[in-house]
Structures are given as C-alpha cells and as structure tokens.
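Undergrad: Could you look at this predicted model? Sequence included:
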Amino acid sequence: MKILLLVLYRIYQVCVMIPLIVVLTILTGLVTIVGSWVGGGRVWGYWPPHIWSRLCMWLTLATVEVRGRGNIPPETSCVFVANHQGAYDIFAIYGFLNHNFKWMMKIGLRKFPVIGPSCQAAGQIFVDNSSPAAIRKTMAKAEKTLQGGMSVVVFPEGSRTRTGRMGRFHTGAFQLALEFQLPVVPITIDGAYSILPRGQWLPHWGKIVMTIHEPLAPPADEADRRRVSDEAYEAIRSCLPPRFR
C-alpha cells in the first residue's frame with residue numbers, strides 16, 4: 001500500500017504539483033517586481049511570497065506546525081536566526097512566520113531568473129563579502145532596510161545541511177544584531193530535511209515543526225556577540241531530534 005501511495009504521489013508531482021509550482025513561482029516573481037516598483041517592497045515584497053509559500057506547501061501535501069509564536073517581539077525589528085535543513089525552510093518561514101521581514105541572502109542568488117530580480121525589487125539584503133567596501137555597503141543597506149520595525153531572517157549556517165545535522169554558525173547575523181542593537185530570535189526548523197534533503201529534486205509529503213524561541217537581548221560587545229551566538233545555537237539545537245543535533 002505504501003509503495004502504491006508513493007507511485008501515485010510521484011505521478012501527481014510530475015503531472016500537477018511541479019507544473020503548478022513553476023507557474024506560481026513565475027507569477028509571484030512578476031507580481032513582486034511590478035508591485036514593489038509601484039507600491040514599495042514593504043508590502044509587495046512580503047505578501048505575494050507569503051501566499052506563494054503557503055500554496056507550495058499545500059501542493060506538496062506538507063503541513064507546518066508553529067510553536068512559540070508569542071515569542072516574536074511586537075512592533076520591534078529583530079534578527080531571526082534559523083537552522084537550514086532544506087529548501088522547504090523557506091516555505092515554512094515565508095508562509096507561516098506571519099511577520100514581515102527581509103531575507104539576508106547570498107549575492108549569488110541575484111543571478112537566478114525571476115527569483116533574483118524579484119528579491120532585488122523587494123529589497124532583500126544581498127550579502128557581499130568580496131571586499132571591506134562591499135561589506136560596508138551591505139551593512140548600510142541593512143541599516144536602511146531595518147527601519148520602521150522591519151526584521152530580517154538569516155540562516156547563520158550559510159547553506160543547507162547535507163546530513164540533517166546542524167553546522168557551525170557564521171558571525172554575520174550576530175554582527176548585525178550587535179551593530180544595530182537588535183534582539184535575536186532563534187527558530188528551530190524540524191522536518192524540512194525529511195521533505196526535501198539537499199541533493200534531491202522531488203519532495204516528499206510530511207510535516208515541519210517550526211519552534212520560535214524566546215528572544216535574546218542584543219549583544220553588548222564583541223565578546224557578548226559570541227555568547228549570543230552560542231545561546232542561539234543551543235536554543236535551536238534543543239528542539240531537534242537527537243540524530244540532528
């Protein structure tokens with residue numbers, strides 16, 4: 001019976017899910033670009049991708065359970081840091097965090113057709129570490145973006161895990177919190193690796209549990225930045241199954 005369900009699911013994916021997700025992605029990108037040019041990225045950079053993410057989860061036959069939503073500081077800019085189990089982390093956060101934010105993402109993603117231009121139009125923060133001048137430009141962009149209560153989401157591991165286990169955290173997110181005195185809100189994502197691990201192209205139905213932890217106070221100095229990074233790491237790790245810690 002399980003094999004039959006899997007075969008039917010694969011047929012559904014090829015004939016229905018993938019074509020619809022491709023069309024939805026293109027439409028969402030175009031709406032985001034046009035909307036951001038006309039009405040600004042604060043609204044149009046969030047709502048179209050928010051709806052797109054929920055539809056993609058629904059088409060995949062995957063669900064998201066959110067725990068600790070009350071831990072999000074109201075009307076305050078903050079730095080959300082999450083572990084990066086797989087591509088479906090993006091759908092989970094975009095679709096179910098229910099909090100306006102910008103992504104901090106690799107500059108190479110700007111080259112992706114439709115997605116790159118839509119992210120640029122929406123005001124996402126592209127990280128350029130190629131030179132000290134580029135880093136200063138990135139920080140200036142972040143400072144401008146984070147005004148008026150806007151938050152940012154960062155995957156401090158830098159890339160998706162290959163094994164499901166958490167990797168070490170880079171310093172960028174916590175340097176941002178130190179620079180602009182923003183609280184850090186850790187997020188644990190569990191289940192995205194089972195739905196679509198790195199290296200695979202077809203997802204599997206499943207459930208993602210997204211746990212939003214209590215915010216950590218902004219780091220006071222460089223030494224405190226390391227402490228906040230360690231505390232965020234341990235908070236995220238605490239809600240993962242033992243095999244992924």
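TA: Thanks, I have the structure now. Residues are numbered from 1 along each chain as shown.
Undergrad: List the buried residues for the top helix by length along the chain?
TA: As assigned by DSSP state H, the longest helix anywhere in the chain is helix 18-39. For helix 18-39, burial by neighbour count (16 or more other Cβ atoms under 10 Å) applies to Ile21, Leu24, Thr25, Thr28, Gly29, Val31, Thr32, Ile33, Gly35, Ser36. Yep, even glycine has a C-beta here, placed from its N, CA and C like the rest.
Undergrad: The first one: what's its closest spatial neighbour, skipping adjacent residues?
TA: The shortest distance from Ile21 to any residue that is not its chain neighbour, by Cβ to Cβ, 6 or more residues apart in numbering, is 5.6 Å, and that residue is Cys56.
Undergrad: and the helix or strand of the chain with the lowest mean pLDDT, how far out from the chain's middle?
TA: Among the helical and strand segments of the chain, the one scoring lowest on mean pLDDT, DSSP states H and E is helix 132-145, with a mean of 79. Helix 132-145 sits 20 Å away from the centroid of its parent chain (Cα atoms, centre = their mean, to the nearest Å).
Undergrad: ok, now stretch 57-69?
TA: Offset of stretch 57-69 from its chain centre (Cα atoms, centre = their mean): 14 Å.
Undergrad: Ok, stretch 227-243 next?
TA: 17 Å.
Undergrad: Next: stretch 29-42.
TA: 20 Å.
Undergrad: do the same with stretch 140-158
TA: Taking Cα atoms, centre = their mean, the mean C-alpha location of stretch 140-158 is offset from the chain mean by 12 Å.
Undergrad: same question, stretch 192-208
TA: Put simply, stretch 192-208 sits 16 Å off its chain's centre (Cα atoms, centre = their mean).
Undergrad: Just the buried residues of it, please?
TA: Result for stretch 192-208 [16+ other Cβ under 10 Å]: buried residues Ala192, Tyr193, Ser194, Ile195, Leu196, Pro197, Pro203, His204, Gly206, Ile208.
Undergrad: I'd like those laid out as CSV, including pLDDT and distance to Ala223.
TA: CSV is the format used below for the buried residues of stretch 192-208 (pLDDT from 0 to 100; distance: Cβ to Cβ, whole Å):
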residue, pLDDT, distance to Ala223
Ala192, 97, 33
Tyr193, 96, 33
Ser194, 95, 38
Ile195, 96, 38
Leu196, 96, 38
Pro197, 93, 36
Pro203, 95, 42
His204, 93, 43
Gly206, 95, 40
Ile208, 98, 35
